[in-house]
Each structure stands twice: as structure tokens, then as C-alpha cells.
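A.B. asks: quick one: sequence and predicted model below, then my questions.
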Amino acid sequence: MNVESLICNQDKTIKEAMICIENNYKRVVFCVNDKMEMTGILTDGDIRRLLIDGYGLNEPIIDHINKKFVYSLYTESAEERFKKFNDNIVIIPVLDKEHHVVDYAEYDEKMHISLAQPQLTGNEYRYLMDAFLSTWISSTGKYVIQFEQDFSKYCGVEYGVATSNGTAALHLALLALGIGIGDEVIVPDLTFAATINAVLYTGARPVIVDIEEDSWCINPNEIEKAVTKKTKAIIPVHIYGQPCDMDRICRIAEAHQLYVIEDCAEAHGAEWKGRKVGSFGDISCFSFFGNKVITTGEGGMCITNKKELEEKMKIYRDHGMSKNRRYYHEVIGYNYRMTNLQAAIGTAQVERIHEILLWREQLEEDYKKIFAEVPGIVFQKDNLPGRKKITWLVSVLTEKEKRDRILNCLKERGIDARAFFIPLSDMEIYRQYAFSQCPNSKKIASRGLNLPTTAEIMPEAMELMAGLIKEE
């Protein structure tokens, strides 16, 4: 709403003020003199009382406006402004030093700022409708092939196999590499449960190891300690957009003849020494869930440089059916296919991935400026040697004893911030698989906080969050 629609000259009549209120839908007008200095407020309730008291529509409002009104100076912080709202005051004029109305602030008790939202401002709708009108809306269609080619090329890898979600991609990768009962797979303690669940689906035993304190990624030193004769694979997770140390991980894998399956669900576009994550593993897996850098709603992809692995994954993905003989099943397979509708959205998202990553990077920089003087807040490191992180979510560390209070405070204001993942070793169903105590993951997880990373975040909302966190 344009602030000019709320401004009414104090010499206007009740009727003219009513028309102004009717047009701005805010149930109030900001009254100004001929110098455009604010002199008072008049609400629709004030007007009703005037009419009940017998005043006519042509009565000037100048003698009836509320001159003792609450306002905010434009120099005030969002938190200072927020404190001026109450049950009776839900809209406040914002004035400059000459008392000219330059803006307004409005409190909405139903306000909700999401943790993340997809950006669908490119060809998503056009491609989606093209797929819809083609009637190829299931798992066959040109967009599935196009999305697989475009995304794998973006990552610098030869082949892509689109899947129904990121967890399916991890399971598919393990199946194609022959991981199963009697095998061990090393995973980090700080990750989403899909990483370890996919290992358990195969019957293999996950081995949980600690993370690096600086990067929050799996610690290569701990990987080396955990390797046994039963170890068959490592799943490094590029956590919260930060790349793992892929040189050391690949050297360990080569020395012990282990497979590497990169979990890149949160790190589209991140780089290790100039190479995109996903280009190091035997197979690498991505998620395109709605909160990821690019999305298909639900969806995932395995990428690989090995033709034989691509072919295996496509067979497992499509019910284990032979590619040469329809309805003849070579192995026990799964229905892990992506639809053409989902792939149409994904194709459009890949076209804009550079733009989306730049926007996310700038948003994190805006947060850093506004939070610069908030004590106890430490942003995720972005200058570690060899690593080029991306912004998936704006991730910070707080003081441990304040983290949950901050979350509750933001939640009360309709702001959807989130704690970090709970370490796998802290959950009863996974604790038995921990190789060690994992002190780093417990330390980081207890302090971690993800801030809203969405286009609806304005500087005023960041200032409000900064002010609220300062008070905790």
C-alpha cells in the first residue's frame, strides 16, 4: 500500500476523510497541514462517533483529529518501532525530522515469515504448462531428459538420473554400487536423517563419525580411524552449503578401495578447489525439495561419470525392468522416478541457478551487515582454504544457553527460524552406530540456528530479528 493513500489534509471534511479511508483499506488517515507536517490521526471509529453525535458529512475534521498520536521516526530500529504496537495501535506513521510522513509500519498478528520459499520467477510456469498440455505428465517426457542433461552438465558430470526425491537418490546410489548386508558405510554425525536411513535401507551398517569444528563437515581424520575391512563407502555431506575436504576424502577412499557418494542436497553450486561438488564421487546425490537452492517440489538426482552406473541406476529406478525387454525384471527394483511435470520446473530452475545463488549470497551479506553488532552471533565461515560455500540457509552459531530462547522469541513473532539438525548419535535409534563420542557435532548442533532465507525478508525484518536476539 502506498503511504500517500493514507494522507489526508486536516482541512478536509468528514465525507472526504471517509472516502480516503474507504480507498486505503487501513481504517485510518494520517492528517497533515499545508506544509505536509503531520498533525494527527483520524480513524473510522472516530468518524462513526462524530456522526452519532450529530456532526454532518461536511463538517471539517481539523477540530476532531487525535493530536496525541503514536509515531515512529525513520531513524528508529524495527525493534524500537515494534514496541509501540499494542491491542489498540496496529498502524503507526513513520516521520522524518520535519514530521513529514515518509512511510508507515503495520503490525499483523498473523504475520509469518517462512524459513525458505522457492523462487519461481523464470520459465517454470511456461515449461510446466507445456508438459501439462503435452499430456506426458508421468515419468516419461522431454523435460526429464532435459533436466538430467542440464543439471549434470552444470555440475561438470556426464550423466544424470532424476529421482522422486533426494533420499531415493541416496538409496539408488548405494544399490548401484552393490552396498548391502555385511558392509559398512561411514557417515557424518551432523546431517539430516536421510543420509543414514538410506544406508539402513540396504541392510548395511552405518558408521557415524565426528565433524570438523570449523567447516561443520565430516572430519577426514575420523574417517581414517573408522575404516575397517568391512567398510565399502563414505558419504561426505556438504552441510549447509559448505564443501567437504574432497582431496583428503578421495585419497582415503583410493587407499582403501572405497566408494565415495557425495550428499550434495544442501550445496548446489558449491565448489572444492574450483570444481563443483558432485563431481568427485563415484555417484553424487542431490535433493530438489521445496526449500533447496533449486526445486522441483519433491525430487532428486544422482549424477556420475560412469556409464555403467548410470545404466544400473536407471534399471533400479524403474522397477528393475530390463531396458531391452519390457515387463522383464532383472533385479528387485523401485519406483523412484521423477515426473515430467516436476522436471519441467527443474529445467527452468537450472536456467536461473546462477541468479538464485547470487541472490542468496547477497541476502547473507545483508544479514551480516545488520547483525554486525549483535553479540554472540557467528556466521558460517566462508573463507576456508579450498572451499567456496554457497548460501543454502543463512546459518549462524549462537550462545548455547540462548539458542532455544531465541528460537521461541522469533516464533512468537511469526518468524520461522530453525535449530540445526540433531546429531545422529544423540538419537536413540542411531546411537548404536556411533564410532566415537562426536564432541564437535554436539557442540555445533547445540549452538546452530538457521535464519529465514526467503525473498520476503526485508531489511526491516532483519532489524527486528537482530533487536530481538540482542534482548535475549
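C.D. replies: Thanks, I have the structure now.

A.B. asks: quick check: closest non-adjacent residue to residue 233.
C.D. replies: With CB to CB, 6 or more residues apart in numbering as the criterion, residue 233 has its nearest non-adjacent residue at 4.1 Å, and that residue is residue 259. C-beta: built from backbone N, CA, C; applies to glycine.

A.B. asks: so residue 240 sits against residue 393, correct?
C.D. replies: Yes: contact status for residue 240 versus residue 393: in contact at 6.4 Å, counting by CB atoms under 8 Å.

A.B. asks: checking my notes, residue 182 in a strand, right?
C.D. replies: No: applying DSSP: H, G, I helix; E, B strand; the rest coil, one finds residue 182 to be coil, outside a strand.

A.B. asks: what is the burial count for it?
C.D. replies: The local packing count at residue 182 equals 10, with neighbours defined by other CB atoms under 10 Å.

A.B. asks: wait, what's in contact with it?
C.D. replies: 204, 230 (CB atoms under 8 Å, 6 or more residues apart in numbering).

A.B. asks: quick thing: my sequence starts at 20, can you match it?
C.D. replies: With 20 as the first residue, the last one maps to residue 201.

A.B. asks: for it, give me phi and psi.
C.D. replies: Backbone geometry at residue 201, expressed as degrees, to the nearest 10, gives phi 90, psi -10.

A.B. asks: check contacts around the residue positioned nearest the centre of the chain.
C.D. replies: Geometric centre of the chain, nearest residue: residue 135, 3.8 Å, by CA atoms, centre = their mean. For residue 135, the residues meeting the contact criterion (CB under 8 Å, 6+ apart) are 309-310, 412, 471-473.

A.B. asks: can you tell me how far it sits from residue 253?
C.D. replies: Using CB to CB, to the nearest Å, we find residue 135 at a distance of 28 Å from residue 253.

A.B. asks: so for the helix or strand harbouring residue 99, what's the average pLDDT?
C.D. replies: Here residue 99 is covered by helix 97-101, with elements defined by DSSP states H and E. Across helix 97-101, pLDDT averages out at 73.

A.B. asks: could you point out which element follows it?
C.D. replies: Following helix 97-101 in sequence order, the next helix or strand is strand 110-114 (DSSP H and E).

A.B. asks: name the residues that touch the helix or strand following that next one?
C.D. replies: Beyond strand 110-114 in the direction of the C-terminus, DSSP H and E gives the next helix or strand as strand 120-125. Residues from elsewhere that reach strand 120-125 (CB under 8 Å, 6+ apart): 22, 25-26, 45, 49, 51, 55, 57, 91, 93, 100, 109-115, 479.

A.B. asks: give me phi/psi at the residue nearest to the centre of the chain?
C.D. replies: For residue 135, the backbone dihedrals are phi -160, psi 150 (criterion: degrees, to the nearest 10).

A.B. asks: now do the SS call for the closest residue to it other than its chain neighbours.
C.D. replies: When the adjacent residues along the chain are set aside, residue 135 lies closest to residue 310, with 3.8 Å between them (CB to CB, 6+ apart). For residue 310, the secondary-structure state derived from three-state DSSP is coil.

A.B. asks: overlap in contacts, residue 259 and residue 412.
C.D. replies: By CB under 8 Å, 6+ apart, the residues touching both residue 259 and residue 412 are 285, 469.

A.B. asks: right, and the helix or strand after the longest helix seen in the chain?
C.D. replies: Counting residues, the longest helix in the chain under DSSP state H turns out to be helix 372-389. Towards the C-terminus, the helix or strand next in line after helix 372-389, according to DSSP H and E, is strand 397-398.

A.B. asks: I'd like the mean pLDDT over the helix or strand following that next one, please.
C.D. replies: Taking DSSP H and E as the definition, the helix or strand that follows strand 397-398 towards the C-terminus is strand 406-407. In this model, strand 406-407 has a mean pLDDT of 98.

A.B. asks: just to revisit the earlier point, which strand residues bridge the residue nearest to the centre of the chain?
C.D. replies: Partner residues in beta bridges with residue 135: residue 472, with DSSP bridges as the criterion.

A.B. asks: tell me which two of the contacts of residue 135 sit farthest apart.
C.D. replies: Looking at these by CB to CB, the two members farthest from one another are 309 and 471, with 14.3 Å of separation.

A.B. asks: might you list the low-confidence residue ranges for the stretch 320-469 of the chain?
C.D. replies: Along the stretch 320-469 of the chain, segments meeting pLDDT under 70 are nowhere present.

A.B. asks: which parts of it are strands?
C.D. replies: 397-398, 406-407, 413-416, 437-438, 467-470 (DSSP state E, counting those that start in this stretch).
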